[in-house]
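Student: Whatever this is, show me its structure:
(one chain, ligands or ions: 1)
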Amino acid sequence: MRRIVFRSDDLHDFESLGPDDHIKLFLPGEGSADGKPLMRDFTPRRFDTAAGVFELEFFLHDAGPATEWARQAGVGDRISIGGPRGSMVVADDFDWYLLAGDETALPAIARRMEELRDRVPVHCILLVEAPEDSFDMPQRDGAHVQWIYRAGRVGEDADLIGTAISTWELPEGDGFAFVAAEARASQGAREILAAKGQKEQWIKAAGYWSALAT
Ligand SMILES: Cc1cc2nc3c(=O)[nH]c(=O)nc-3n(C[C@H](O)[C@H](O)[C@H](O)COP(=O)(O)OP(=O)(O)OC[C@H]3O[C@@H](n4cnc5c(N)ncnc54)[C@H](O)[C@@H]3O)c2cc1C
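Tutor: Numbers count the residues shown, from 1 in each chain. Next up is the predicted model:
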């Protein structure tokens, strides 16, 4: 994971109301074959409009334009962003929250951990490669953070996240479940949660990347 702090005089009206908002990063280079600029989505992890700064946290996977840009970025480099275009603001009056995902979801989950009301029960299921990749997740009373490790099992994210969600006991009361991970893992998690009795309208399961992409 690489955290990069951006500074701009144009951030005075930057707004991000939802912890899983995203901005578009416009990557330098030739763009795609249809002439559009190359864009990738990232979560505004922190921002301070008065100071004109915001932070993104990049999971550096094997290869991809955004990963390459983040890997080599240095002080003084410039890049354009757009958005966020809209925020999904989830009510902070649920009885509990489930926050699950892989490395790409950690910024959104960390933000939600910081922004939820005090002492509300939260269960996190977080998939990373190995214990040393465990991220500096904010602590809070009432939260239980369950790390699970891929340990070289590439392509098995759906099973790993699915098994953890299957064995987790759905608490009583009304809860909200947020899942962000590889597309099939998120879809699988949605189905498991629905089968466990979680109301579908209180599940947000998003594919943050696709293993089928080239
Ligand atoms: C709403 C939203 C918010 C997001 N926020 C963040 C964030 O804050 N931080 C963050 O790191 N990512 C975040 N992501 C995920 C990020 O946009 C993707 O991982 C993106 O594909 C990375 O672009 P790239 O140019 O590095 O790779 P791409 O060019 O998109 O992909 C190149 C290859 O890498 C593979 N790949 C892509 N992502 C991964 C991965 N995570 N693990 C393994 N292989 C991968 C693809 O399958 C493909 O084969 C977010 C995605 C969404 C939709």
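
Student: per-residue pLDDT, whichever residue of the chain sits closest to the ligand?
Tutor: Going by Cβ to the nearest ligand atom, the ligand is nearest to Gly64 of the chain, at 2.1 Å. For the C-beta atoms, the positions are set from N, CA and C on the backbone; glycine is no exception. Gly64 carries a pLDDT value of 94.

Student: any low-confidence regions in the protein?
Tutor: Low-confidence segments of the chain, defined by pLDDT under 70: 30, 214.

Student: can you give me the strands in it?
Tutor: 2-7, 23-27, 38-42, 46-48, 53-58, 80-82, 96-101, 122-128, 143-149, 175-182, 203-209 (DSSP state E).

Student: which residues touch Asp157?
Tutor: Asp102, Leu127, Arg150, Ala181, Glu182, Arg184, Ala185, Ala211 (Cβ atoms under 8 Å, 6 or more residues apart in numbering).

Student: The fifth one pairs with what?
Tutor: Each beta-bridge partner of Glu182 is listed here: Trp209, as defined by DSSP bridges.

Student: Touching, it and Tyr208? I think so.
Tutor: Yes. Look at Glu182 against Tyr208 with Cβ atoms under 8 Å: they come within range, at 7.3 Å.

Student: Not counting its neighbours along the chain, what's nearest Ala183?
Tutor: Closest residue in space to Ala183, ignoring its immediate chain neighbours: Gly207 at 3.0 Å, by Cβ to Cβ, 6 or more residues apart in numbering.

Student: Around that neighbour, count how many other residues there are.
Tutor: Neighbour count for Gly207, taken as other Cβ atoms under 10 Å: 16.

Student: Then Arg153?
Tutor: By other Cβ under 10 Å, the residues close to Arg153 number 11.

Student: which ones are touching the closest residue in space to it that isn't next to it in sequence?
Tutor: Distances taken as Cβ to Cβ, 6+ apart place Leu160 nearest to Arg153, at 6.8 Å, with adjacent residues excluded. By Cβ under 8 Å, 6+ apart, the contact set of Leu160 is Leu127, Ile148, Arg150, Arg153, Ala185.
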